[in-house]
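Colleague: Here is my input; please provide its structure:
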Amino acid sequence: MKNIDRKSFLKKSAAVGLGGSMVMGFPTVLFGKPNETINFAVVGVRSRGKAHAEAVSRLENAKVTWFCDVDDVIIDEHKKWSQEMTGYVPKVEKDFRKLLEKDDIDVITIATPEHWHAPMAIMAMQAGKHVFIEKPCSHNLYENELLVEVQKKTGMLCQMGNQQRSSVTSNLAISEIRQGIIGDVYYGKAWYSNQRGSIGKGKIVDVPKSLDWELWQGPAPRENYRDNVHPYNWHWFKTWGTGEIHNNGTHEIDICRWALGVDLPNKATSAGGRYHFKDDDWEYYDTQNASFEFEGGKKITWEGKSCNGFPIMGRGRGSLIHGTKGSILLDRNGYLLYDLGGKLIKEEVEPKGGGAASTSDTRGFDALTVNHFINFTNAIREGEALKAPIADASISTQLCHYGNIAQEVGGSIEVDPNTGKIINNPEAMKHWKREYAKGWEPKA
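Modeller: Residues are numbered from 1 along each chain as shown. Modelled structure (predicted):
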């Protein structure tokens, strides 16, 4: 670290023993002075990682000192982008593991393929780094358990990139919901619609010379390189991705869970399939209707349409919260309050243009991302409560896993809401943990 002794910093961090205390908002000062620079490393810089880097560039006394990617083409492009955007080029490393011992890195942000998210975050926290992890925070439910355990054990801060939690209007809506503006809330509908094309049938080809395929695979079981996986279509393969419910549904399902004030469900159901481009390699569902039931009769549903962009209420994505006195529609640009008959009562618009409304935007840079990073750095500096601490954010990811598992095992699973374990379904529990490449399994 440039402006503060590294050993002193780690001693302060360890002494705090945060764990869940940040969730409760107990003050913790990890930096002695507000003007001490927080140094970031951004891992995975093709698209969403650029949003991380740009957000950091807009923070006070924060700097990206390193970035990491396994593809030389992406590295070269990001160097040019960094020079144009920030006026300098951070140092570069292809192997993430080498970042863990760098003294000029305090925070690691993760915008890699999803199979890397939890293992990378776990290693980073164990090395004394704070972590900003993109959604979903895990590839499987086993990793959820590990992430929360390691965060508590190390005391490092870990925030998930469900940035709508840092929306001004979403926070206002949740506050008003808690005050009873739409009565007792009982149902949340989340949705996402897009017009994704076919990913085709991949051919086994030589690995591009620019790409370190071994590092790209990391914790995942080894497969031959195919020409339709990197750099984006890995989302739709079960070895590396988690499907649309995680890729985008995490955001809206999280908002519904927040609004309803619920955590783990007691039941999850799912129906859907691959209806478009049936002969290509896409392994997940391009259409999915998942439902989650909670104690007290509350319910959340998710409607994901990856290849049919027909909007709901004029929006490609959103969350609709129903109560006994009315409904609230929430998205990244604001919220609308309706009475029981559907009459618009009030509209609140997100300041400074709100979030990116387009569902085709894979980078997703917006004011909400900046707000989320501001909250994260305020937590590091001043002990401000995180908007999406991993102990809470991981629950929204768990719901998405339950939806996919229900789909895999015939449509329905029962869940113990106290433990999160799937009840009386050995077939479903086979999906709790993945197979890892030898030597790569994450450990607490």
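Colleague: residues contacting the closest residue in space to Lys305 that isn't next to it in sequence?
Modeller: By the measure of Cβ to Cβ, 6 or more residues apart in numbering, the closest residue to Lys305 outside its immediate chain neighbours is Ser193, 4.6 Å from it. (Glycine included, C-beta is placed from N, CA and C.) Going by Cβ atoms under 8 Å, 6 or more residues apart in numbering, Ser193 touches Lys305, Asn308, Gly309, Phe310, Pro311, Ile312, Gly316, Arg317, Thr359.
Colleague: Now, those that are in strands?
Modeller: Judged by DSSP state E, the subset of the contacts of Ser193 located in strands is Lys305, Arg317.
Colleague: Please, a ChimeraX command that selects the buried ones among the contacts of Ser193?
Modeller: Restricted to buried positions by 16 or more other Cβ atoms under 10 Å, the ChimeraX selection for the contacts of Ser193 reads:
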select :305,312,316,317,359
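Colleague: Any chance of CSV for the contacts of Ser193, columns distance to Lys129 and pLDDT?
Modeller: Below are the contacts of Ser193 laid out as CSV (distance: Cβ to Cβ, whole Å; pLDDT from 0 to 100):
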residue, distance to Lys129, pLDDT
Lys305, 38, 98
Asn308, 41, 98
Gly309, 39, 98
Phe310, 43, 98
Pro311, 40, 97
Ile312, 40, 97
Gly316, 35, 97
Arg317, 32, 97
Thr359, 32, 47
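Colleague: Looking at the contacts of Ser193, which one is closest to Asn404?
Modeller: Nearest to Asn404 among the contacts of Ser193: Lys305, at 16.1 Å, using Cβ to Cβ.
Colleague: Restrict the helix or strand where Leu146 lies to CA atoms and write it as CSV.
Modeller: Under the criterion DSSP states H and E, the helix or strand holding Leu146 is helix 141-154. C-alpha atoms of helix 141-154 as CSV (Å, rounded to 0.1, in the frame of the first residue of the first chain):
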residue,chain,number,x,y,z
LEU,A,141,-24.5,-23.6,-2.9
TYR,A,142,-21.4,-25.1,-1.3
GLU,A,143,-19.5,-21.9,-2.3
ASN,A,144,-22.1,-19.7,-0.7
GLU,A,145,-21.4,-21.4,2.6
LEU,A,146,-17.7,-21.0,2.2
LEU,A,147,-17.9,-17.3,1.2
VAL,A,148,-19.9,-16.4,4.3
GLU,A,149,-17.7,-18.5,6.6
VAL,A,150,-14.4,-17.0,5.2
GLN,A,151,-15.7,-13.5,5.5
LYS,A,152,-16.6,-14.0,9.1
LYS,A,153,-13.3,-15.7,9.8
THR,A,154,-11.0,-13.2,8.2
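Colleague: Three-state assignment for Phe376, please.
Modeller: State at Phe376, reduced to three classes by DSSP: H, G, I helix; E, B strand; the rest coil: helix.
Colleague: And the pLDDT for it?
Modeller: Listed pLDDT for Phe376 reads 98.
Colleague: Same check on Lys352?
Modeller: 76.
Colleague: Now for the nearest residue to Pro231 once chain neighbours are set aside: which residues touch it?
Modeller: Distances taken as Cβ to Cβ, 6+ apart put Arg46 closest to Pro231, at 5.3 Å, once the chain neighbours are dropped. Neighbouring residues of Arg46 by Cβ under 8 Å, 6+ apart: Asp69, Asp71, Ile74, His78, Pro231, Tyr232.
Colleague: Of those, keep whichever come out buried.
Modeller: Asp69, Asp71, Ile74, His78.
Colleague: domain ranges for the protein?
Modeller: Following automatic domain parsing, one finds the domains of the chain at 6-165+373-382, 168-202+211-358+390-429.
Colleague: what about the stretch 101-250 of the chain, any weak spots by pLDDT?
Modeller: For the stretch 101-250 of the chain, no stretch is flagged by pLDDT under 70.
Colleague: Which residue ranges of it form strands?
Modeller: 107-110, 130-133, 158-160, 185-193 (DSSP state E, counting those that start in this stretch).
Colleague: Buried deepest among those, which one?
Modeller: Most buried of these, by mean neighbour count (mean count of other Cβ atoms under 10 Å): strand 158-160, with a mean of 30.
Colleague: How about residues contacting it?
Modeller: Against strand 158-160 from outside (Cβ under 8 Å, 6+ apart): 121, 125, 130-135, 137, 147, 151, 372, 375-376, 379, 386-390, 393-394, 397.
Colleague: List only those of those flagged as buried.
Modeller: Buried members of the contacts of strand 158-160, scored by 16+ other Cβ under 10 Å, are 121, 125, 130-135, 137, 147, 151, 372, 375-376, 379, 386-390, 393-394, 397.
Colleague: Nearest to the middle of this structure, which residue? Look it up for me.
Modeller: The residue lying closest to the centre of the chain (Cα atoms, centre = their mean) is Lys135, at 1.2 Å.
Colleague: I'd say that residue and Gln164 touch.
Modeller: No: look at Lys135 against Gln164 with Cβ atoms under 8 Å: they stay out of range, at 10.5 Å.
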